[in-house]
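Asker: predicted model and sequence below, questions to follow.
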Protein chains: 2
Amino acid sequence: MTQTTNSSVDVEAVKAYLLDLQDRICAALEAQDGEARFVEDAWERDPNDSSLSLTGGGRTRVIADGAVYEKGGVNFSHVQGPQLPASATASRPELAGRSFQALGVSLVIHPRNPMVPTSHANVRLFVAEKDGEEPVWWMGGGFDLTPFYPFKDDVIHWHQVAKDLCEPFGDAAYPKYKQWCDDYFFLKHRNETRGVGGLFFDDMNEWDGEINFEKTFAFMQAVGDGYIDAYVPIVARRKQEPYGERQRKFQLYRRGRYVEFNLVFDRGTIFGLQTGGRTESILMSLPPVAHWDYDWHPEPGSAEERLYKDYLGEHDFLGNWNPAE
Amino acid sequence: MTQTTNSSVDVEAVKAYLLDLQDRICAALEAQDGEARFVEDAWERDPNDSSLSLTGGGRTRVIADGAVYEKGGVNFSHVQGPQLPASATASRPELAGRSFQALGVSLVIHPRNPMVPTSHANVRLFVAEKDGEEPVWWMGGGFDLTPFYPFKDDVIHWHQVAKDLCEPFGDAAYPKYKQWCDDYFFLKHRNETRGVGGLFFDDMNEWDGEINFEKTFAFMQAVGDGYIDAYVPIVARRKQEPYGERQRKFQLYRRGRYVEFNLVFDRGTIFGLQTGGRTESILMSLPPVAHWDYDWHPEPGSAEERLYKDYLGEHDFLGNWNPAE
C-alpha cells in the first residue's frame, strides 16, 4: 500500500484522478456535440526498444468533424524517461539529468463555429528520481481561453470560475496564477497574448513554505474540474450563433497564432518533442486548418479589431475592464 | 572606394548582387504566373527607436492568389544588430555577442496546384564586428524542393542543376552540400526530410584553407542564380497538371510539415524571431493554408505513399535511385 504523508507523492492517486478526469471531460464535451464521439487510441511504448528515450503509454482521445468540434483531443499519458530535459523545470535546472516520470491530462478543443472559443487545459505531475535520494515532485497546469470574437460575458464567466476555484487556496492564488497565465501564453514576436488567459502554474509543491502533497493535489483537482465548469457553458451558449465566411476566415487566421505559440513557445510541446515523445499525440493540439496572410490587419471599428484592443493583452477582466460593446 | 582583397569582405558588392537577384527571381516567377504580380513592401526600422534590438530595412515582396502561386514571398533584408545571437553561427559560438550585420535574399513559394512543388531558397552574408578586431564574415544559403507528388524527372532536374552549379567548385562540393541539405531540412520528431533536398551551406568563407571572399561570393551567386534554373522549368511543366480534391487535401496536410519545420527547426526563422526581426517578413514563409489530421497515413500503393517511400528521406537522386513509377 502506498503511504501518504503530506510531503510524499502518491502517484497512483494522481493517476486515478487523471483517468477519471479524462473520462468526465470527454463525456461533458461529447454531450454538447451530440453527434461526434471521441475515438480512443491507447498506445504503449515497447519497453524493450532501446532506441526510444521515453517509455510508457497513454490514452489519446480525438474527436473530429463533429457538429460542434472541428477537432479536439483529450490525452492522458504516463511516461518514464532516463534524463529529465531542461524544458521540464525552468526554475530547477539542477534536476536536469535525473530520471523521471510524468503523468498528465492535456487537451485542446478547436470548435468549428468561430463564435465558440478554442480552449486548452492541462494538469500534470512530474517526479524526478535519483538513486539514494528522495524523489522531487511538482505539479503544473492550468487552462486558457482563446476567443475569436469578443463576448464579454464568456470571458467574465471563464475568469469567475477560475477565481472561485482558487478561493479555498487563498486570496493571492487567483491574481498570481492569472498573471502567470498572461505571461506564459504570450507570443513575444507578435507582442500578443494567445487569448484571454485563465490560470497557469508550474513547479508547485509548497504551501506556506512546506512541501504539501495533499494541498497541491487538491489544487490540481480544482483546476482540472474547473475546466469543465468554465468551458462547457460557453460552448452551450455559443454553438448556435450564426456566422459567415468573414468570421470563418478570421478564425482560421487567428488559428495561425495558435500554431505559432504551440510550436515556438509551448513548454509541453517542446518537452514532448525533445524527449522523443509520441509526435501524433503531442501535435494533436494543432488546429485542423490554419491560415497565414501577409501583414493582415483588422478593419477599424470591427469586431475583429475589438478582439485585439479589448480582449487580447493583459486585462483585469473581473475588475476594471470596459470593453466596447 | 571599397578595397577588395581575397580575404576582405565587400558588403556593397554582395548587396548589389542580392537586390538584382531579387529582381530577377521575381520577374522569372511572375512570367510563369501570368496574372498575379509581386507587391513590394519596403520597410525600414526607425534607427532612433531604442526599443528595437535590430535596425535596418528590407524589401519584402509578396505574391498571392495568383494563377500559379497561392502565396509566395521573395525578401531582401539588410539588418544591423548589437548582439549576434547563438543561432546565427552554430559552429562559432565564440562570436556570440559581437555586433553584426546580415544581408540576404530569402524566399518561399507555395503554388496552388499540388503537382507543383513548394520551393525555398536563401543566400546570405553575415559580418560580425568588434572594435579593434578584423570583421569576421561568412556566407550561407542553399535551396530545397518540397514536392507533394512524385515526379522523378523534376527531382532529377533539380539535383542536376545543383550538381552542375557546384562543379566549378570541385567534385566534393555537390555531395557535401547535398548531404548538409538532407541533414538540415530534417524533421527529427517525424523522422522525415522536409522534401527532396538540394543544397545547403553555412559558415562558408574558406577555400583550400584560406579565407577567400571572391570564391565564396562566386559560390553564393552560383546558388542564387541556380535556383531560377532549377525551379522555373518545374513550374512551367507542372502548372497545368490536373488535380482533384484528394491531391489538394494531401498538399494541405503536407504543408503542415512545412510549418513544423519552419517554426521548430529553421535557423533563419529562429534567428529572426530571437533578434526581434520583422515578424511579418520572417513568417511570410508560412503557407497560406495548412492542415493537421491526427495520425494520418497514406494508402498502401498510392502516389502519396510513393512520396514517403521513394522521395522523402536520403536518396542518391542522380545515382542509384529507382523510385516506383
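Answerer: Noted; the coordinates are in hand.

Asker: what about the closest residue to chain B within chain A, distance to residue A:96?
Answerer: Distances from chain A to chain B, computed as CB to the nearest CB, single out residue A:263 as the nearest residue at 3.8 Å. All C-beta atoms are positioned from the backbone trio N, CA, C, and that covers glycine. Counting by CB to CB, to the nearest Å, the gap from residue A:263 to residue A:96 is 22 Å.

Asker: the more surrounded of those two?
Answerer: Set side by side, residue A:263 and residue A:96 show unequal neighbour counts under other CB atoms under 10 Å in any protein chain shown, the larger going to residue A:263 at 21 against 15.

Asker: before we move on, the earlier item: and the residue of chain A closest to chain B, that's in a helix?
Answerer: Yes. Assigned with DSSP: H, G, I helix; E, B strand; the rest coil, residue A:263 falls within a helix.

Asker: just the helices in the stretch 151-300 of chain A please.
Answerer: A:152-166, A:173-184, A:213-238, A:245-264, A:267-274, A:279-282 (DSSP state H, counting those that start in this stretch).

Asker: what does chain A have sitting close to chain B?
Answerer: Taking CB under 8 Å from any CB of the partner chain as the contact definition, chain A meets chain B at A:41, A:60, A:62, A:64, A:71, A:73, A:188-190, A:252, A:256, A:259-260, A:263-264, A:273, A:276, A:279-280, A:282-284, A:286-295.

Asker: how far is stretch A:316-325 from where the chain is centred?
Answerer: For stretch A:316-325, the distance from its own C-alpha centre to the chain's C-alpha centre is 24 Å (CA atoms, centre = their mean, to the nearest Å).

Asker: tell me which stretches of chain A form strands.
Answerer: For chain A, the strands defined by DSSP state E occupy A:39-44, A:55-64, A:69-81, A:99-111, A:118-129, A:136-146, A:186-187, A:192-193, A:197-204, A:206-207, A:210-211, A:289-291.

Asker: now the ones you listed as a markdown table including mean pLDDT, mean neighbour count and distance to residue B:33?
Answerer: Below are the strands of chain A laid out as a markdown table (pLDDT from 0 to 100; neighbours: other CB atoms under 10 Å in any protein chain shown; distance: least, CB to CB, whole Å):
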| stretch | mean pLDDT | mean neighbour count | distance to residue B:33 |
| --- | --- | --- | --- |
| strand A:39-44 | 94 | 13 | 42 |
| strand A:55-64 | 94 | 21 | 35 |
| strand A:69-81 | 95 | 23 | 32 |
| strand A:99-111 | 96 | 23 | 33 |
| strand A:118-129 | 96 | 23 | 35 |
| strand A:136-146 | 97 | 23 | 36 |
| strand A:186-187 | 96 | 18 | 32 |
| strand A:192-193 | 96 | 20 | 33 |
| strand A:197-204 | 96 | 23 | 43 |
| strand A:206-207 | 95 | 15 | 62 |
| strand A:210-211 | 94 | 14 | 64 |
| strand A:289-291 | 98 | 23 | 21 |
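
Asker: partners of residue A:80 in the sheet?
Answerer: residue A:55, residue A:101 (DSSP bridges).

Asker: stretch A:141-151 spans what distance, first to last residue?
Answerer: One end of stretch A:141-151 to the other measures 25 Å (CA to CA, to the nearest Å).

Asker: also stretch A:192-202?
Answerer: End-to-end span of stretch A:192-202 (CA to CA): 22 Å.

Asker: also stretch A:44-56?
Answerer: Stretch A:44-56 has an end-to-end distance of 6 Å (criterion: CA to CA).

Asker: buried residues, that stretch. List them.
Answerer: For stretch A:44-56, the neighbour count (16 or more other CB atoms under 10 Å in any protein chain shown) marks A:45, A:52, A:54, A:55, A:56 as buried.

Asker: contacting residues for the closest residue to the first one other than its chain neighbours?
Answerer: Nearest-residue entry for residue A:45: residue A:55, 4.8 Å, with adjacent residues in sequence omitted and distances by CB to CB, 6 or more residues apart in numbering or on different chains. Residues in contact with residue A:55 (CB atoms under 8 Å, 6 or more residues apart in numbering or on different chains) are A:45, A:46, A:47, A:79, A:80, A:81.

Asker: which parts of stretch A:238-245 are buried?
Answerer: Neighbour-count burial for stretch A:238-245, counted by 16+ other CB under 10 Å, picks out A:238, A:239, A:243.

Asker: would you agree the first one is in contact with residue A:148?
Answerer: In other words, residue A:238. No. Using CB atoms under 8 Å, residue A:238 makes no contact with residue A:148, being 10.3 Å away.

Asker: which residues are in contact with each of those two?
Answerer: Applying CB under 8 Å, 6+ apart, one finds that residue A:238 and residue A:148 are jointly contacted by A:115, A:117.

Asker: show me the beta-bridge partners of the residue sitting nearest the centre point of chain A.
Answerer: Within chain A, the residue whose C-alpha comes closest to the C-alpha centroid is residue A:121; the distance, by CA atoms, centre = their mean, is 2.7 Å. Bridge pairing for residue A:121 (DSSP bridges) gives the partners residue A:107, residue A:143.

Asker: which residues does it contact?
Answerer: For residue A:121, the residues meeting the contact criterion (CB under 8 Å, 6+ apart) are A:25, A:105, A:106, A:107, A:141, A:142, A:143, A:223, A:224, A:227, A:231.

Asker: now do the same contact list for the fifth one.
Answerer: If a contact means CB under 8 Å, 6+ apart, then residue A:141 has A:104, A:121, A:122, A:123, A:124, A:200, A:201, A:202, A:220, A:223, A:224 as its contacts.

Asker: quick one: the closest residue to it other than its chain neighbours from residue A:286, how far?
Answerer: Take residue A:141 and drop its neighbours on the chain: the residue closest to it by CB to CB, 6+ apart is residue A:123, 3.7 Å away. Separation of residue A:123 from residue A:286 (CB to CB): 21 Å.

Asker: just residue A:257 next, same as before
Answerer: Noted for residue A:257: a distance of 12 Å to residue A:286, by CB to CB.

Asker: equivalent analysis for residue A:61, please.
Answerer: Note on residue A:61: its distance to residue A:286, by CB to CB, is 16 Å.

Asker: repeat that for residue A:224.
Answerer: Between residue A:224 and residue A:286 the distance, using CB to CB, works out to 23 Å.

Asker: residue A:16 and residue B:275, how far apart?
Answerer: According to CB to CB, residue A:16 stands 47 Å off from residue B:275.

Asker: those two: which is more packed in?
Answerer: Ranked by neighbour count (other CB under 10 Å), residue A:16 and residue B:275 place residue B:275 first, with 21 against 11.
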